[in-house]
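K.L.:
Starting from these lines, generate the structure:
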Amino acid sequence: MEKIDLKKELKQFYKPSSKKIEIIDVPEFNYISLEGKGNPNNSSEFEEAIGALYAVAYTAKFSAKQENGMTDFVVMPLEGLWWAKDFEDFVLDNKDNWEWRLMIHMPGFITEDFINSNKAKAFEKKGLSGINDVKFEKYHEGISVQTLYIGPYSNEHETIKAMHDYAEGEGYDLDGLHHEIYLGDPRKVAPEKLKTVLRQPVKKK
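P.N.:
Below you'll find the model as predicted:
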C-alpha cells in the first residue's frame, strides 16, 4: 500500500536549510489543533495536549490505512504557534503568560468529519479529556520568513531576531503568529542537536 510522507513531499516547508534565512509562500494546509496557555516547560496542560493530538493523529492514520479507498500516511511532527496578549511577555520570555496552539499537519484527503469520527475512537482507547477539544482546521500562513534552527529551545531568540531583521531588510513587517516545527524529540535528542523549523508570517510594508 502507498504511504504518504508529507515531510518528503513538502521539503521546502519541513526541511529548510540551517545556513540561510529565506522568504517563502506557505499554502493552505489541513491540521488538527489544540489551544492552551502557560509555560510549556512545566505545564501539565501542554503535555496533555500533545498526548491528545497524537492520539487523534495515530487513530486517524490507522483508520485511513484500514479503510478502502484511503491511503496510509506518516504522522507529521508536532508544530506550535506562539503568542501573548501583551507582546512584552513574549519578548521578555515570560512563558507563564504565553498562549499556544499545538498542531499536527494532516494530508489533504483527511476531512473534518473523518477526524471527528476518529476522536471518538481515540477517546475510547486513551480516555484523554483533551481529545474532545481537538479541532480540525485549515490554516493558510502565506508569505513568511523561515529558517532551520539547530540547538536548545532556550537559545532560539538570537535566530528569531536574525529572521526579523532579515524580513525588515527585505521590506516586510511581521504579520501573524510565531511558528515552530519540532523535528527532534527532546526526550531522545541532546539539546544542542535539536532541529526546529522557525517561521514567521510577514507582509509587505
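
K.L.:
Pop out the phi and psi values for K138.
P.N.:
phi -110, psi 130 (degrees, to the nearest 10).

K.L.:
quick one: G171 from E79, how far?
P.N.:
Between G171 and E79 the computed distance is 27 Å (CB to CB, to the nearest Å). (Each C-beta comes from the backbone N, C-alpha and C, glycine too.)

K.L.:
Look at the two and report which has more neighbours.
P.N.:
Set G171 next to E79 and count neighbours by other CB atoms under 10 Å: E79 wins out with 22 against 10.

K.L.:
for that one, what are its contacts?
P.N.:
Y31, L102, M103, I104, H105, H179, E180, I181, Y182 (CB atoms under 8 Å, 6 or more residues apart in numbering).

K.L.:
all strands of the protein, in order?
P.N.:
Secondary structure of the chain, counting by DSSP state E: strands at 3-4, 22-37, 72-73, 78-83, 99-106, 135-150, 172-174, 178-182, 195-204.

K.L.:
Count the residues that sit near the closest residue in space to P201 that isn't next to it in sequence.
P.N.:
Excluding its sequence neighbours, the residue lying closest to P201 (CB to CB, 6 or more residues apart in numbering) is G176, at 3.2 Å. G176: 16 surrounding residues under other CB under 10 Å.

K.L.:
Save the contacts of E79 as TSV, and put in neighbour count and pLDDT too.
P.N.:
Conversion of those to TSV gives the following (neighbours: other CB atoms under 10 Å; pLDDT from 0 to 100):
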residue	neighbour count	pLDDT
Y31	21	98
L102	24	97
M103	24	98
I104	22	98
H105	23	98
H179	21	97
E180	19	97
I181	22	98
Y182	17	97
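
K.L.:
Can you tell me which of those residues is nearest K161?
P.N.:
Checking those against K161 by CB to CB gives E180 as the nearest, at 15.0 Å.

K.L.:
quick one, what contacts the residue nearest to that closest one when sequence neighbours are not counted?
P.N.:
Of all residues not flanking E180 in the chain, G80 sits nearest, at 5.0 Å (CB to CB, 6+ apart). Counting by CB under 8 Å, 6+ apart, G80 touches W100, R101, L102, M103, H179, E180, Y182.

K.L.:
try 6 Å this time
P.N.:
Shown in contact with G80 (CB atoms under 6 Å, 6 or more residues apart in numbering): W100, L102, E180.

K.L.:
likewise T196?
P.N.:
Y149, E180, Y182.

K.L.:
distance of the first one from Y58?
P.N.:
Here the criterion is CB to CB. By it, Y149 lies 27 Å from Y58.

K.L.:
What residues are bridge-paired with the residue nearest the centre of the chain?
P.N.:
Nearest to the geometric centre of the chain sits E79, at 1.4 Å (CA atoms, centre = their mean). Applying DSSP bridges to E79 gives these bridge partners: M103, I181.
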